[in-house]
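J.: When you get a sec, could you give me coordinates for this:
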Amino acid sequence: MEKPDKVDPLTEKERDRSNFVRKFVQGYKEPDQMLKDYDTGIPKRIVHYWNDLDNLPQDVNECIESWRSLKESGFDFEIFDENSAREFIKTNLGSRFENAFNLCYHPSMQSDYFRYSYIFVKGGFYIDADDIYHGMSIDDFFKDGRLKLQPFCYDIETAQMISASNFVFQGADKWSWIFYFNTTPLIAASNHPIVERVLLNATQALENCTKEELPEVQATTGPGILTESILEVISEQKNPEETMLVLHNWEKISTSKWSLSYRNDQRNWRLSNQKSYHS
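T.: Next up is the predicted model:
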């Protein structure tokens with residue numbers, strides 16, 4: 001990897017985390033056998049979240065509806081709003097986690113925190129409401145209980161995402177690239193240790209926030225804390241592939257649709273990061 005003339009914008013911890021993800025993603029090989037802990041299927045249940053279903057944008061609903069064709073393959077569907085998500089967390093996890101959910105000041109944070117809560121408790125497949133399904137089969141992802149995640153790579157220099165086809169092969173790297181795992185999709189059996197760890201880490205991060213400043217979304221509930229949690233769980237494992245599956249080709253199955261109406265207002269977390277949000 002060529003070294004930049006300028007100072008690395010990442011901290012040493014962030015760079016180490018990015019390098020870990022890069023090596024894991026590019027060197028990933030399917031295990032010869034499944035750990036007994038994960039030798040079980042995942043419920044064929046697809047879960048969405050939108051904080052205010054009474055005001056669900058039509059273009060977002062079209063993304064959600066694109067997944068409904070999977071009913072023919074035996075999938076069930078659930079969609080939660082802020083109130084039903086809070087009730088789910090309160091009922092299944094208790095007041096500490098409910099209070100943490102209440103500290104999520106933006107719908108994006110709520111959806112992050114809820115997905116960890118739901119998948120930890122029930123297992124299944126959480127997908128963001130703005131992700132559109134392209135029609136390929138996803139049945140194989142439900143045959144074992146491992147966590148399935150999509151790797152991401154962002155180029156600081158160009159301020160653009162890098163296509164997976166350009167960064168998942170061995171040796172692909174630039175000083176300006178940041179490697180991490182995305183929070184969508186989130187596919188796992190219930191009680192998965194990585195999902196448990198990110199739920200606990202996000203809870204603690206929310207609890208540790210001061211009243212003077214709203215927390216940064218990605219680092220508190222999003223890909224930052226998810227990736228950090230993965231590092232904590234699998235960095236010491238001899239065969240981390242037995243715990244999670246890297247979805248190298250997920251963009252063939254589903255992509256996030258960018259030309260959506262809500263992305264132009266405060267409902268887009270990028271425009272509301274660390275700002276007071278009013279629905």
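
J.: just for the stretch 1-150 of the chain, where's the confidence low?
T.: 1-7 (pLDDT under 70).

J.: for it, what spans make up the helices?
T.: All helices of the stretch 1-150 of the chain, identified by DSSP state H, counting those that start in this stretch, fall at 12-26, 58-65, 82-93, 95-102, 107-122.

J.: which residues touch the residue nearest to the spatial centre of the chain?
T.: For the chain, the residue sitting closest to the mean C-alpha position, by Cα atoms, centre = their mean, is Thr183 at 0.6 Å. In this structure, Thr183 makes contact with Asp112, Arg115, Asp128, Gly222, Pro223, Leu226, judged by Cβ atoms under 8 Å, 6 or more residues apart in numbering. Placement of C-beta: from N, CA and C, glycine included.

J.: Grab the two from the residues you listed that are most spread out in space.
T.: Of all pairs drawn from the contacts of Thr183, the one with the largest separation by Cβ to Cβ is Asp128 and Leu226; the distance is 13.4 Å.

J.: How far away from the center of its chain is stretch 11-18?
T.: Computed by Cα atoms, centre = their mean, to the nearest Å, the chain-centroid distance of stretch 11-18 equals 19 Å.

J.: Restrict stretch 38-46 to CA atoms and write it as PDB.
T.: As requested, the backbone C-alpha atoms of stretch 38-46 are provided in PDB (Å, rounded to 0.1, in the frame of the first residue of the first chain):
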ATOM      1  CA  TYR A  38     -24.000 -22.700  14.500                       C
ATOM      2  CA  ASP A  39     -25.200 -26.000  13.000                       C
ATOM      3  CA  THR A  40     -28.800 -24.800  13.100                       C
ATOM      4  CA  GLY A  41     -30.900 -22.900  10.700                       C
ATOM      5  CA  ILE A  42     -32.000 -19.200  10.900                       C
ATOM      6  CA  PRO A  43     -35.700 -18.300  10.900                       C
ATOM      7  CA  LYS A  44     -36.800 -17.300   7.500                       C
ATOM      8  CA  ARG A  45     -38.200 -14.000   8.700                       C
ATOM      9  CA  ILE A  46     -37.500 -10.600   7.100                       C
END
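
J.: which of the residues in it are buried?
T.: Applying a neighbour-count criterion of 16 or more other Cβ atoms under 10 Å, one finds Tyr38, Ile42, Pro43, Lys44, Arg45, Ile46 buried in stretch 38-46.

J.: what does stretch 123-134 give?
T.: Residues of stretch 123-134 classed as buried: Gly123, Gly124, Phe125, Tyr126, Ile127, Asp128, Ala129, Asp130, Asp131, Ile132, Tyr133 (neighbour count, 16+ other Cβ under 10 Å).

J.: Sweet, I'm off.
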